[in-house]
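Turn this into a model:
(one chain, ligands or ions: 3)
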Amino acid sequence: MRNDMEEILISEEEIQEKVQELAAQLSEEYKDRFPLVIGVLKGALPFMADLVKRMDIHVELDFMDVSSYGNSTVSSGEVKIVKDLNTSMEGRDVLIVEDIIDSGLTLNYLVELFKHRKANSIKIVTLLDKPTGRKVDLKPDTAGFIVPDAFVVGYGLDFAERYRNLPFIGVLKPEIYQNQ
Ligand code: PRP
Ligand code: MG
Ligand code: MN
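Ligands and ions are numbered 1, 2, ... in the order given. Below is the predicted model of the structure:
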């Protein structure tokens, strides 16, 4: 897998240090509350697992699976709910966990949906933010790293479902996705 990388953009150590920092910040923000932490499958899984382990408050975990990319490198712009939540969020403090915000379409859709479902508050934490990809005006409340307009994979981010299990964030060699 490592041979398919042009470069390592964010090392495992850098990620873990940042996750620790974000977890401390969020534990303080949600102190004495019981947030409903919602991971957006599948990309958010490694980040969410590491993040919540480092938060020293009570949290409820749930997941939504929404998909907009399929096996393509370009967003179709369509957001589809593949798996919904198991619990009601009315009156809850909702923290949405994402691996990356690119066009912003996925989170824009989820935030509108959660407002409609009467969450008490809705916040977004994302490990990566790619502001150059934005198609809608959406800002995360908390972000780990800003990434350039490159095809990044690893730590949850996939190309055609591969590379999610890399412990670092890397830039994929163009020949890998050009051959598809
Ligand atoms: C990716 C990523 C984010 C979303 C970001 O998910 O994990 O959820 O796209 O892109 P956007 O800001 O342009 O909407 P994807 O839909 O590929 O599903 P996955 O998490 O299962 O890979
Ligand atoms: Mg995703
Ligand atoms: Mn993806």
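
How about this structure: which residue is closest to ligand 2?
Gly43 (3.4 Å; C-beta to the ion). Where you see a C-beta, it was placed from the backbone N, CA and C, and this is true even at glycine.

Can you give the distance of stretch 93-100 from its chain's centre?
7 Å (C-alpha atoms, centre = their mean, to the nearest Å).

next one: stretch 137-156
On C-alpha atoms, centre = their mean, the centre of stretch 137-156 falls 8 Å from that of its chain.

All further residue positions should be reported with the first residue as 464.
Fine by me, first position is 464 from now on; the one you just mentioned is stretch 600-619.

Report the buried residues of it.
601, 603, 605-608, 610, 615-619 (16 or more other C-beta atoms under 10 Å).

how about it, does it reach ligand 2?
No - if you take C-beta under 5 Å from the ion as the test, stretch 600-619 misses ligand 2, and the best it gets is 7.7 Å.

end to end, how far does that stretch reach?
By C-alpha to C-alpha, to the nearest Å, the extent of stretch 600-619 from end to end equals 24 Å.

can you list contacts of the helix or strand harbouring Leu590?
Applying DSSP states H and E as the criterion places Leu590 in strand 584-592. Here strand 584-592 makes contact (C-beta atoms under 8 Å, 6 or more residues apart in numbering) with 478, 481-482, 485, 489, 492, 510, 514, 556-564, 570, 574, 577-578, 603-610, 615, 618-620, 632.

quick one: strands adjacent to that strand?
Applying DSSP bridges, strand 584-592 is found paired with strand 556-564 (parallel), strand 605-609 (parallel).
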